[in-house]
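A.B. asks: Give me coordinates for this.
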Amino acid sequence: MTAPERVKEYGIITAGTCVIAAAVFFFLAPCNLAVGSASGLAIVLSHFIPIDLSYITLALNVTFLILGFVLIGNEFGVKTVFTSVLLPVFLWIFERIFPDFQSLTDDAFLDMLCYCFVVSIGLALLFIRNASSGGLDIVAKILNKFFRMELGKAMSAAGIAVALLSALCYDKKTVVISLIGTYLNGIILDRFLFELNEKLKVCIISQKFEDIRRFIIDELHSGATVYDARGAYGEMKPHPELQVIVDKTEYTALMRYLQKTDPHAFVTVYKVKEMAYISKKK
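C.D. replies: Below is the predicted model:
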C-alpha cells in the first residue's frame, strides 16, 4: 500500500471513529440507553464507578483488543488500537466542548433511532476498512469470521447482553428501548455495509466481444469468465458470454464503454451479496 493510499485509509477510519463518538455522546449517553456496545456498557458502569465515560470506554476497549490481535490478525489489531485510542479522545473532546450536554430530542426513543442510524454509518466505514471501534465490535468480527454471521446480526447478538444489563440501572422502558435499539442497529449496519461494499455481476453478449474483453482486462484491471451461450431460436449457434464482477465505479465505466462500443449488446446485471476466495490448506 502506497503512502497516499494509507493516508486515505486512516483518514476514513478517523472519520468513522468521529462519527461513532458523536453518536455515543449526542444520542446514546444523554438518554441513558445501553444499546449493545462497549460504549453502552461503559454508560452502565459509569453509574457505579465514579470515572468519566471516556476513561471507562478506554479500559473496556483495551480488554477486548487482545482478542482482536489473537483471533482476527495483526492488521485488524493495529487499526483497532488506533480507533480504540481515538474514540475516547473524541469523547473527551466532546465532554469538554459540551459540558452537561442534554438530549437533542428530549425523547429516549428518538435518541435511540438517531443513534442507530448515525453509529451504523461510522461502523460501516470501519468494517469496510478491516477495522473496528473496539469493544463488542471485535466480538462481532470474531463471530463473522468463524461462524460466517453477517456483521449486523453479529453486532446484535453480542449487544443483547449489554442491553439486558441496563436493567441494573434503568427502568423497564429504558431496557426495552435498548433492546430494540440493539436489534435495529444490526439491521441498519448490514444495510449500510451492503450498500458500501455492493458488487455487481454483469453478463454481456456482444458482437464486439474481443474489444470488451480487452477493456475489462486492460482498463478495469479485472478478471472475467467466458461461457458459451446458445440462443433458443434458429440454428442455436454458440455465442461467447462475458461475466465480470465489478464495483459501482467500475460498473459505470463499463456501461459507458458498452454504450459507445456496442449499443446493441445484450446485458444483464445482478447484485452480488458477498465474494470469497476459499482455499484448503494441504
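A.B. asks: Which helix or strand contains residue 10?
C.D. replies: Remark: residue 10 resides in helix 3-23, with elements defined by DSSP states H and E.
A.B. asks: Okay, buried residues for that helix please.
C.D. replies: Within helix 3-23, the residues that count as buried by 16 or more other C-beta atoms under 10 Å are 10, 13, 16, 17, 18, 19, 20, 21, 22, 23. For the C-beta atoms, the positions are set from N, CA and C on the backbone; glycine is no exception.
A.B. asks: same for that helix, what does it pack against?
C.D. replies: On a contact count with 3 or more C-beta pairs under 8 Å, 6 or more residues apart in numbering; DSSP states H and E, helix 3-23 meets helix 74-97, helix 108-128.
A.B. asks: how far is that helix from where the chain is centred?
C.D. replies: Helix 3-23 has its C-alpha centroid displaced from the chain centroid by 13 Å (C-alpha atoms, centre = their mean, to the nearest Å).
A.B. asks: got the angle for it vs helix 108-128?
C.D. replies: Helix 3-23 runs at 160 degrees relative to helix 108-128, counting by axes from the mean of the first three to the mean of the last three C-alpha atoms, to 10 degrees.
A.B. asks: Now stretch 201-218: average pLDDT?
C.D. replies: The average pLDDT for stretch 201-218 rounds to 93.
A.B. asks: what's the answer for stretch 61-73, then?
C.D. replies: For stretch 61-73, mean pLDDT rounds to 83.
A.B. asks: what comes into contact with that stretch?
C.D. replies: 38, 76-77, 80-81, 84, 87-88, 132-136, 138-139, 141-142, 145-146 (C-beta atoms under 8 Å, 6 or more residues apart in numbering).
A.B. asks: Return the members of these classed as buried.
C.D. replies: Burial by neighbour count, 16+ other C-beta under 10 Å: within these this picks out 38, 76-77, 80-81, 84, 87-88, 132-136, 138-139, 141-142.
A.B. asks: where do the helices sit along the stretch 151-282 of the chain?
C.D. replies: Per DSSP state H, counting those that start in this stretch, the stretch 151-282 of the chain carries helices over the ranges 151-165, 172-196, 209-218, 248-261.
A.B. asks: Identify all contacting residues around the last one.
C.D. replies: When contacts are defined by C-beta under 8 Å, 6+ apart, helix 248-261 is touched by residues 198, 200, 202, 204, 206, 208, 211-212, 215-216, 219-220, 222, 244, 246, 265, 267, 269.
A.B. asks: repeat that with 6 Å
C.D. replies: If you take C-beta atoms under 6 Å, 6 or more residues apart in numbering as the criterion, helix 248-261 is touched by 200, 208, 211, 215, 220, 265.
A.B. asks: quick one: which of those residues is nearest residue 120?
C.D. replies: For those, the closest approach to residue 120 (C-beta to C-beta) belongs to residue 200, at 22.6 Å.
A.B. asks: coming back round to it: okay, the helices of the stretch 151-282 of the chain in CSV with mean neighbour count and distance to residue 55 next?
C.D. replies: Shown next, in CSV, are these (neighbours: other C-beta atoms under 10 Å; distance: least, C-beta to C-beta, whole Å):
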stretch, mean neighbour count, distance to residue 55
helix 151-165, 22, 18
helix 172-196, 19, 22
helix 209-218, 15, 53
helix 248-261, 15, 41
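A.B. asks: want to try TSV for the ones you listed, with distance to residue 226 as columns?
C.D. replies: Listed next are the helices of the stretch 151-282 of the chain as TSV, based on distance: least, C-beta to C-beta, whole Å:
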stretch	distance to residue 226
helix 151-165	34
helix 172-196	28
helix 209-218	8
helix 248-261	16
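A.B. asks: Ok, which of the ones you listed comes nearest residue 107?
C.D. replies: helix 172-196 (10.1 Å).
A.B. asks: and the closest one, what other elements does it pack with?
C.D. replies: helix 108-128, helix 151-165 (3 or more C-beta pairs under 6 Å, 6 or more residues apart in numbering; DSSP states H and E).
A.B. asks: How many neighbouring residues does the closest residue to residue 157 other than its chain neighbours have?
C.D. replies: Leaving aside its sequence neighbours, residue 157 sits nearest to residue 143 (C-beta to C-beta, 6 or more residues apart in numbering; 6.6 Å). A count of nearby residues for residue 143, using other C-beta atoms under 10 Å, gives 18.
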